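> below is the sequence, then the predicted model.
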Protein chains: 2
Amino acid sequence: MAQTKKALVLFAHGARAASWAAPFERLRDLTAARLPDCAVRLAFLELMEPRLPETVAALVAEGVDEVTIVPVFLGQGGHLLRDLPLLAEGLRTAHPGLRLSVAGAVGEDPGVLAAMTDYCVRSTG
Amino acid sequence: MAQTKKALVLFAHGARAASWAAPFERLRDLTAARLPDCAVRLAFLELMEPRLPETVAALVAEGVDEVTIVPVFLGQGGHLLRDLPLLAEGLRTAHPGLRLSVAGAVGEDPGVLAAMTDYCVRSTG
């Protein structure tokens, strides 16, 4: 039996300004450098390409059978409560052999909150 | 001469879902606990209250003379490139005696990026 081929998809909102993508691209590159055996991709909900369905379809075409989606969002609003579950349902229907899981929003992680707190405290000068 | 009275305003996007505010409220509380001599407030761009102008006006009314705005945004899109500078300009006009500074987006901070990377790496299981 072949080894499981894993991928991680960082899922971000997207924006009209191209500059907006920079920290997400850095996050993807930093994460990919730590996960040499995992395909790490960045996909957007709207306004930027690539979108989530095409990204996952391309991974499946590459032979990936396990995908974890990490929402790179600070809070759980309508995009994570409604849009992402609908997208995930569509992905499960389109790729029945795929193991798909969705992590919590990065902004809800205690380590990320602690780092944001440090930054806020330092910002007061 | 009286001592400078400082405040820190965490500036977030806002959303229709009330659940969205939770990590921002935790961030405000964690930051406030570390800055006992600084007023720490949370204000929103849209969809949630309070908004930035009212928040800063209330701080000035309390005698605050130095405000730092920290954008709790992951990337620099139109909200930070256009909306926030316009809001800051309005605040400077409305409160000419106030020293107002705007920090970079939390998502651009190397410490925050490192914590998000750790979270992404852990999410692969």
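Received it, and whenever you're ready, just let me know what you need.
> measure A:Leu47 to chain B for me?
9 Å (CB to the nearest CB, to the nearest Å). For the C-beta atoms, the positions are set from N, CA and C on the backbone; glycine is no exception.
> what do you get for A:Ala88?
15 Å.
> my read: that residue touches A:Val102, true?
Yes - A:Ala88 lies in contact with A:Val102 (CB atoms under 8 Å); the separation is 5.7 Å.
> what touches both of the two?
Residues touching both A:Ala88 and A:Val102 (CB atoms under 8 Å, 6 or more residues apart in numbering or on different chains) are A:Ile69.
> can you classify A:Leu84 as helix, strand or coil?
Following DSSP: H, G, I helix; E, B strand; the rest coil, the label given to A:Leu84 is helix.
> read off the pLDDT value for it.
pLDDT for A:Leu84: 97.
> spit out the contact partners of it.
A:Leu84 neighbours (CB under 8 Å, 6+ apart): A:Phe11, A:Leu45, A:Ile69, A:Pro71, A:Val102.
> what sits against the third one?
With contacts defined as CB under 8 Å, 6+ apart, A:Ile69 is in contact with A:Val9, A:Phe11, A:Leu52, A:Leu84, A:Ala88, A:Leu100, A:Ser101, A:Val102, A:Ala103.
> among these, who's most crowded?
For these, neighbours were counted using other CB atoms under 10 Å in any protein chain shown, and A:Phe11 has the most, 29 neighbours in all.
> isn't that one up against A:Leu45?
Yes - assessed by CB under 8 Å, A:Phe11 is found in contact with A:Leu45 at 7.0 Å.
> joint contacts of those two?
By CB under 8 Å, 6+ apart, A:Phe11 and A:Leu45 have these common neighbours: A:Leu52, A:Leu84.
> next one: phi and psi at A:Asp72?
To be clear, residue A:72 is Val; Asp isn't right here. Dihedral pair for A:Val72: phi -90, psi 70, per degrees, to the nearest 10.
> what is whatever helix or strand A:Val60 lives in packed up against?
If you go by DSSP states H and E, A:Val60 is part of helix A:52-61. With contacts defined as 3 or more CB pairs under 8 Å, 6 or more residues apart in numbering or on different chains; DSSP states H and E, helix A:52-61 has these neighbours: strand A:6-12, strand A:39-44, strand A:66-71, helix A:84-94.
> please name every helix or strand in contact with the lowest-mean-pLDDT helix or strand in chain A.
The weakest-scoring helix or strand in chain A, judged by mean pLDDT, DSSP states H and E, is helix A:78 (a mean of 86). Contacting helix A:78 under the criterion 3+ CB pairs under 8 Å, 6+ apart is no other helix or strand.
> the helix or strand where A:Glu25 lies to strand A:6-12, inter-axis angle?
Here A:Glu25 sits within helix A:22-34, counting by DSSP H and E. Using axes from the mean of the first three to the mean of the last three CA atoms, to 10 degrees, the inter-axis angle of helix A:22-34 relative to strand A:6-12 is 170 degrees.
> poorly predicted segments of chain A, please.
For chain A, residues meeting the criterion pLDDT under 70 lie at A:1-2.
> 80 - rerun?
Low-confidence segments of chain A (pLDDT under 80): A:1-3, A:125.
> residues in contact with A:Leu80?
With the criterion set at CB under 8 Å, 6+ apart, A:Leu80 makes contact with A:Pro71, A:Phe73, A:Ala105.
> the residue nearest to it when sequence neighbours are not counted pairs with what?
Residue nearest to A:Leu80 in three dimensions, not counting chain neighbours: A:Pro71, with 5.4 Å by CB to CB, 6 or more residues apart in numbering or on different chains. Beta bridges link A:Pro71 to A:Phe11, judged by DSSP bridges.
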